[in-house]
Structures are given as structure tokens and as C-alpha cells.
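Enquirer: One predicted model, sequence on top.
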Amino acid sequence: AQSVTQLDSQVPVFEEAPVELRCNYSSSVSVYLFWYVQYPNQGLQLLLKYLSGSTLVKGINGFEAEFNKSQTSFHLRKPSVHISDTAEYFCAVSGGNTGKLIFGQGTTLQVKP
Amino acid sequence: EPEVTQTPSHQVTQMGQEVILRCVPISNHLYFYWYRQILGQKVEFLVSFYNNEISEKSEIFDDQFSVERPDGSNFTLKIRSTKLEDSAMYFCASSERVGRGTNEKLFFGSGTQLSVL
């Protein structure tokens, strides 16, 4: 069985500050890892994904994440956030070739001016 | 960029009533999915659909739920007799690929907020 834990339900941060959103997973098989973002009144949009290869993954809007197998983590980072980054962020894991994603609880990123 | 379209954006229904949530996946996609998110909880997988049949379903997807692709463009989720606990945001998703890496291209709609009174 697979599971995902997002350790912070809300992360308030000031504009232009760095941010890290934490995600830990558990799985008995090799995994694919994802971060999705949901802006108000919109669908889930893929930010970035880790399938294999380099453990540092770069995504859209200046976000990046690092896969750490020993710590079973896939934390999302951005060196300088903007007001427009305010949204809900979801970490997700999949163990195979299906569309079945296991999501974390989500983290609300609140960027303040 | 192509997108998955869901209608309606909000649906209010009485307990015990049937409800149909509609989705138009991206036109050349082959895999279709429904997920849901109860307020304050995780996004949960409900069902995946490929080649006109269910390929996988979760324990949530009981006999009250059904999915259908009635024509070449729509993908629907029907709840036969809604319960209060069915109140949630329902997301439709679609992907193009068959085989390895289908998760790479999973596109989500903006969701239908279902409220059961």
C-alpha cells in the first residue's frame, strides 16, 4: 500500500521569501512522485514530476523538488515566492502504469505582501 | 493548452436523488478517471476507465456509483441515490498514453462541487 503525508496544512510566507512544502511517502514498490497545484476555482495542474533519473526535478513557475529515497521525501521548494503562488499544493504518488494517484492532504501556501 | 471540462461547477441535490456529473476529456485521450475530495480531506481515487470498461476502482466506488462514456466525447459519473456523505468536490481527469508512463500526462478538470442536502 502507498501513502502520502504532507506535514504542513498551511504555510504562510512573505513575498520574495523562500518556501519549502514538505511531503513524505511510503511505498513497497518503486514510485512516481508528483506535485500538483490548485488555484482558486481551477482544476489540479501538474507542477512537476519525478519518474526516474536525476533526483532534483524542476517544474513550472520556478518550483523544484528533490527526491530523497533514504528519507522517503519529495519536498517542494521555491527560492522566492510571488503573491500569485498563493494556492493549494498537493503531493501525490503512483506505483505503476495506471492513473491511480494517492494524494496527500494538501498544503495551503499563503503568500503575504 | 487543451483542457478537461466539467459541468456543472456546482450541483445541489436532495438526499436519495440521482445525480450525473459530466466531463468532457481531452479529445485524443484514452484513459479517464474520477477522483473526489471531501472538504478538509485528501483527494481520493474513485475509478479509472479504459476501452469502455472500468480498469480499476476503489472501495469507495460501490454499487451506488457508475461511469459511462455515452458518446465519443462525454464521460459521466452517476450516483444513483445520493447520501449526505457524497458531498464533495468531484474531479474528472484524462490521459493520453497506453502503457508505461500514463501518469505523466494526467490532466484534471476544475471539478464539480456536489452538495447533498
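Expert: Sure thing, it's come through.
Enquirer: Give me the distance between the closest residue to B:Q64 other than its chain neighbours and chain A.
Expert: Excluding the flanking residues, the one nearest B:Q64 by Cβ to Cβ, 6 or more residues apart in numbering or on different chains is B:R80, at 5.0 Å. (Glycine included, C-beta is placed from N, CA and C.) Applying Cβ to the nearest Cβ, to the nearest Å, the value for B:R80 to chain A is 23 Å.
Enquirer: B:R80: how many residues sit nearby?
Expert: 13 (other Cβ atoms under 10 Å in any protein chain shown).
Enquirer: cool, the one 5 residues further on as well?
Expert: Look at B:E85: counted by other Cβ under 10 Å, it has 9 neighbours.
Enquirer: Now do the same contact list for it.
Expert: By Cβ atoms under 8 Å, 6 or more residues apart in numbering or on different chains, the contact list for B:E85 reads B:38, B:116.
Enquirer: Wasn't it part of a helix?
Expert: Yes. Counting by DSSP: H, G, I helix; E, B strand; the rest coil, B:E85 is part of a helix.
Enquirer: Mind listing the residues bridging to the residue most central in space within chain A?
Expert: Centroid check for chain A by Cα atoms, centre = their mean gives A:W35 as the closest residue, at 3.5 Å. Beta bridges link A:W35 to A:L48, A:C91 when assigned by DSSP bridges.
Enquirer: In this structure it contacts A:F63, no?
Expert: Yes. Counting by Cβ atoms under 8 Å, A:W35 touches A:F63, with 7.1 Å between them.
Enquirer: what residues are shared contacts of the two?
Expert: Both A:W35 and A:F63 are contacted by A:47-48, A:76, under the criterion Cβ under 8 Å, 6+ apart.
Enquirer: Tell me the most packed of the residues you listed, by neighbour count.
Expert: Using other Cβ under 10 Å as the neighbour test, those are led by A:L76, with 24 neighbours.
Enquirer: And the pLDDT at that one?
Expert: Note for A:L76: predicted pLDDT of 98.
Enquirer: How about it: which residues does it bridge to?
Expert: A:L21, A:A65.
Enquirer: For A:K58, which residues are in contact?
Expert: A:48, A:64.
Enquirer: which stretch of helix or strand covers the most centrally placed residue in chain B?
Expert: Taking Cα atoms, centre = their mean, the centroid of chain B lies closest to B:W34, which sits 2.8 Å from it. Using DSSP states H and E, B:W34 maps to strand B:31-37.
Enquirer: Quick check: neighbours of that strand in the sheet, parallel or antiparallel?
Expert: Partners of strand B:31-37 in the sheet, by DSSP bridges, are strand B:43-50 (antiparallel), strand B:88-95 (antiparallel).
Enquirer: mind listing the strands for the chain?
Expert: Using chain A. For chain A, the strands defined by DSSP state E occupy A:3-6, A:10-14, A:19-21, A:23-26, A:32-38, A:44-50, A:56-58, A:64-68, A:73-78, A:87-94, A:102-103, A:107-112.
Enquirer: not what I meant, chain B
Expert: Under DSSP E, chain B gives strands at B:5-7, B:10-13, B:19-24, B:31-37, B:43-50, B:53-57, B:65-68, B:75-79, B:88-95, B:107-108, B:112-116.
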